[in-house]
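A.B. asks: Sequence plus the predicted model coming up.
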Amino acid sequence: MKFEQLLNHFDSGICVEQLQKESLLDLALLFVAVDGRVCESELHVVRKWAATLNWNSAVSLDNYISDMVGKCVHAVKSDDTEAFIQHRMKFIIDQPMRELALKIVHKVCAADGKIDHREQTAMDFLEAQV
């Protein structure tokens, strides 16, 4: 699916930049769900940040977020969190964007006032990828 999206992006001139934005958003949404529940305060942080993106996709930002939350919940329930992180980090090629991913994830995890051990484990794994 992501490969098809990449081809579509090349065709429409969006290219790597939009794919990096999507991957950043995917990671942020994963960390909303990584503790086993979708917390509204964490989701609010992601939506507020995502609204600042110059989103350039055929899929609206709201629809993308709604769809991706479900995929993130599935990844967590399937114990595929590390594979999810690795896959998304492959598409974030710029070092400043990789560092931004870590910054956003820290904000998301802190939004509900506590950092769960699953969040910390996933953050440590993400840090190793940066």
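C.D. replies: Right, received. Where do you want to start?
A.B. asks: Tell me which stretches of the chain form helices.
C.D. replies: Along the chain, counting by DSSP state H, helices occupy 2-12, 15-33, 40-50, 61-77, 81-89, 95-110, 117-129.
A.B. asks: Dump the ones you listed into JSON lines; add mean pLDDT and mean neighbour count as well.
C.D. replies: Backbone N, C-alpha and C define where each C-beta goes, glycine included. Formatted as JSON lines, the helices of the chain follow (pLDDT from 0 to 100; neighbours: other Cβ atoms under 10 Å):
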{"stretch": "helix 2-12", "mean pLDDT": "55", "mean neighbour count": "12"}
{"stretch": "helix 15-33", "mean pLDDT": "92", "mean neighbour count": "22"}
{"stretch": "helix 40-50", "mean pLDDT": "96", "mean neighbour count": "17"}
{"stretch": "helix 61-77", "mean pLDDT": "97", "mean neighbour count": "16"}
{"stretch": "helix 81-89", "mean pLDDT": "97", "mean neighbour count": "18"}
{"stretch": "helix 95-110", "mean pLDDT": "94", "mean neighbour count": "17"}
{"stretch": "helix 117-129", "mean pLDDT": "95", "mean neighbour count": "15"}
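A.B. asks: Quick one: residues contacting Asp112.
C.D. replies: 39, 41-42 (Cβ atoms under 8 Å, 6 or more residues apart in numbering).
A.B. asks: so which of those residues comes closest to Leu126?
C.D. replies: Glu42 (15.4 Å; Cβ to Cβ).
A.B. asks: wait, what's in contact with the closest one?
C.D. replies: Per Cβ under 8 Å, 6+ apart, neighbours of Glu42: 31-32, 108-109, 111-112.
A.B. asks: Could you measure from the closest residue to Cys39 other than its chain neighbours over to Leu43?
C.D. replies: Using Cβ to Cβ, 6 or more residues apart in numbering and skipping residues adjacent in sequence, the residue nearest Cys39 is Asp112, 4.8 Å away. The spacing between Asp112 and Leu43, counted by Cβ to Cβ, to the nearest Å, is 10 Å.
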